[in-house]
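J.: okay, predicted coordinates and the sequence, questions at the end:
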Amino acid sequence: MRRREVLLSGGSIGLYGLFRSSAVLAGQGFFVPPEEGRHKRTFMQWPVSPSVYGDPVFLEVTQQTIADIANAIVEFEPVTMLVSSEDQRTARAKLSGKVELWDIPTDDLWCRDSGPIFVVNDAGRLAIIHIQFNGWGGRQASKRDNQIAARVAERLGLELIPSGLYGEGGGVEHEGHGLLMAHESSWVNDNRNPGASRDDIEARLLKAYGAKRMIWSEGVWDQDITDYHIDSLARFTGQGRVLMNLPDRPDMDDPFHVGALDTHDTLVAEGLSVDVIPEPNSRRVRSIDFVASYANYYVCNGAVMVAEFGDPETDHLAQETLAHHFPGREIVALKVDPLGELGGGIHCATQQMPAV
């Protein structure tokens, strides 16, 4: 199974050199706060790459989907769209006038993976922890996206603190209260961190996120471009609480179903409170590669953005469950099928900047 088409970028990216460098890690007291905390803004990226979007019609549909998400979020908090100056006219035609445009060139839309990851400390100091994006292990051309975190840090005048890791924000889920969870396949992988042990990577992730403990499950190697990012399967909704998206009738020949069940059992064994919502049983897009994840929601100020897939029963159940986990927030259901066809969802396309 392929959940995103793999596009090789070619050329050496120098993974081993960065991991072995004597990187200065996040200073004492820095941590990534809970995603459900107050935001200053949401960052998003405008998709443009012809090597990724060979079909101009699908590119236009995808751009409209990104605009729809941004236009929904901006009714609750500021949104900054990263888009090069030459693409801003196209973007502005689809975006609400409330959405701010920054002249930072992009390739693709996955701001969760290539965008800035913000850390704060008890004194209210804000910085960006730099987990270097490399196109999911060199699988997709990403010359512009590789530079986004650094360019945002420069624009904001914030320190960019290297973590010594290659990877993506969607590959690790953080609770904001000292706990992380991830799939080994997205990190303990020679396409990102060659020669590094799981213990090495764990130590650097804990330092980067300011966390104390990490829960690993195996994941799935080499079956999709992300090597099975955790954020399409399981998400923290509070301290010790997890919401998961699982199939009603698992196919034990499907590596993603097997991996999902393993992650579920691991989280339960670790003592977490795990709430499960089913994947849709009927949906508009029937492709086997389509990612139909209710867990890939995004929490913003006063609202939760969640995908709907055309199954009235499970769409309603997902919205009802999110309302229970995030009381007092409006649940906004969005049709984002192009993102599912590309292998992601709303959370993958967004990145929060915490209010300090």
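T.: Good, I have the coordinates. Numbers count the residues shown, from 1 in each chain.
J.: going forward, measure contacts and count neighbours with C-alpha atoms only.
T.: Will do.
J.: right, and the helix or strand after the lowest-mean-pLDDT helix or strand in the chain?
T.: One helix or strand of the chain scores below all others by mean pLDDT, DSSP states H and E: helix 15-20, with a mean of 36. Scanning forward in sequence from helix 15-20 by DSSP states H and E, the next helix or strand is strand 39-45.
J.: packing partners of the helix or strand that that next one is followed by?
T.: Later in the chain than strand 39-45, the nearest helix or strand by DSSP H and E is helix 56-73. If contacts are counted by 3 or more CA pairs under 8 Å, 6 or more residues apart in numbering; DSSP states H and E, helix 56-73 sits against helix 88-94, helix 337-342.
J.: helices or strands next to the very next helix or strand once past helix 56-73 in the packing?
T.: Under the assignment DSSP H and E, the closest C-terminal helix or strand after helix 56-73 is strand 79-82. Counting contacts by 3+ CA pairs under 8 Å, 6+ apart, strand 79-82 is packed against strand 39-45, strand 100-102.
J.: figure out which of those strands is closest to Trp216.
T.: Judged by CA to CA, the one of the helices and strands packed on strand 79-82 that comes nearest to Trp216 is strand 39-45, at 28.0 Å.
J.: CA atoms only: put the closest one into PDB for me.
T.: The C-alpha coordinates for strand 39-45 follow below in PDB (Å, rounded to 0.1, in the frame of the first residue of the first chain):
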ATOM      1  CA  HIS A  39      -2.200  30.300  20.000                       C
ATOM      2  CA  LYS A  40      -0.800  33.500  18.700                       C
ATOM      3  CA  ARG A  41      -1.300  32.300  15.100                       C
ATOM      4  CA  THR A  42      -1.500  29.300  12.800                       C
ATOM      5  CA  PHE A  43       1.100  28.900  10.100                       C
ATOM      6  CA  MET A  44       0.300  27.200   6.800                       C
ATOM      7  CA  GLN A  45       2.100  26.600   3.500                       C
END
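J.: okay, the angle between that strand and helix 56-73?
T.: Here strand 39-45 points in a direction 180 degrees away from that of helix 56-73 (axes from the mean of the first three to the mean of the last three CA atoms, to 10 degrees).
J.: what residues sit buried inside strand 39-45?
T.: Across strand 39-45, burial judged by 16 or more other CA atoms under 10 Å covers His39, Lys40, Arg41, Thr42, Phe43, Met44, Gln45.
J.: gap between the third one and Ile346?
T.: Taking CA to CA, to the nearest Å as the measure, Arg41 falls 15 Å from Ile346.
J.: got it, and the fourth one?
T.: Look at Thr42 and Ile346: by CA to CA, they are 12 Å apart.
J.: surely Asp275 is within a helix?
T.: No: secondary structure of Asp275 (DSSP: H, G, I helix; E, B strand; the rest coil): strand, not part of a helix.
J.: that's all I had, so thanks and see you.
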